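A.B. asks: Starting from these lines, generate the structure:
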Amino acid sequence: MYGIDFFVHPDYRGMRIGRRLYDARKEICERHNLRAIIAGGRIPKYKDYADRLTPKAYLEKVRVKQYMTLYYPFSWLMTSTSGKY
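C.D. replies: Numbers count the residues shown, from 1 in each chain. Here you go, the predicted model:
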C-alpha cells in the first residue's frame, strides 16, 4: 500500500484522528495480506535549497539545526534510533 501525506485540521488535532487513520491503514494491509506500507511526502522548503543540496544533505542540516531558518514539522521522525519510522 502506498500512502502520502495527510494532515488533520488544527481545530481537530489532539483527538487522535491521525492515529486512527494510520491504524485503519494498517488494518487494511493486514486484511488484504499486503506486505508493507510505503509512505511518501514532500520535504518542506527543500525547493529553496535544491540547487545546492541533495535531499539527504538538506535533512541532515535540518536535523542538526545548522539551518536555523529551516523548519521541518516532522523532524522528530528523523531521530528514531531503531531505524524504523
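A.B. asks: helix or strand right after the top helix by length along the chain?
C.D. replies: For the chain, the helix with the greatest residue count under DSSP state H is helix 17-31. Later in the chain than helix 17-31, the nearest helix or strand by DSSP states H and E is strand 38-40.
A.B. asks: Parallel or antiparallel, list what pairs with that following strand.
C.D. replies: Counting by DSSP bridges, the strands paired with strand 38-40 are strand 2-4 (parallel).
A.B. asks: Could you pull up the mean pLDDT of the partner strand?
C.D. replies: Taken as a whole, strand 2-4 has a mean pLDDT of 68.
A.B. asks: Per the annotation, how does this structure divide into domains?
C.D. replies: Using automatic domain parsing, the domain parsing of the chain gives 1-41, 43-79.
A.B. asks: Identify each buried residue in the longest helix of the chain, please.
C.D. replies: Using 16 or more other C-beta atoms under 10 Å as the test for burial, helix 17-31 gives residue 25. For glycine as for every other residue, the C-beta is placed from the backbone atoms N, C-alpha and C.
A.B. asks: Just the CA trace of that helix, in CSV.
C.D. replies: C-alpha atoms of helix 17-31 as CSV (Å, rounded to 0.1, in the frame of the first residue of the first chain):
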residue,chain,number,x,y,z
ILE,A,17,-7.6,11.3,14.3
GLY,A,18,-4.2,10.8,12.6
ARG,A,19,-3.5,7.8,14.8
ARG,A,20,-6.9,6.3,13.8
LEU,A,21,-6.3,6.9,10.1
TYR,A,22,-2.9,5.2,10.4
ASP,A,23,-4.4,2.3,12.3
ALA,A,24,-7.1,1.9,9.7
ARG,A,25,-4.4,1.8,7.0
LYS,A,26,-2.6,-1.0,8.9
GLU,A,27,-5.8,-3.0,9.3
ILE,A,28,-6.4,-2.8,5.5
CYS,A,29,-2.9,-4.1,4.9
GLU,A,30,-3.4,-7.0,7.3
ARG,A,31,-6.9,-7.8,5.9
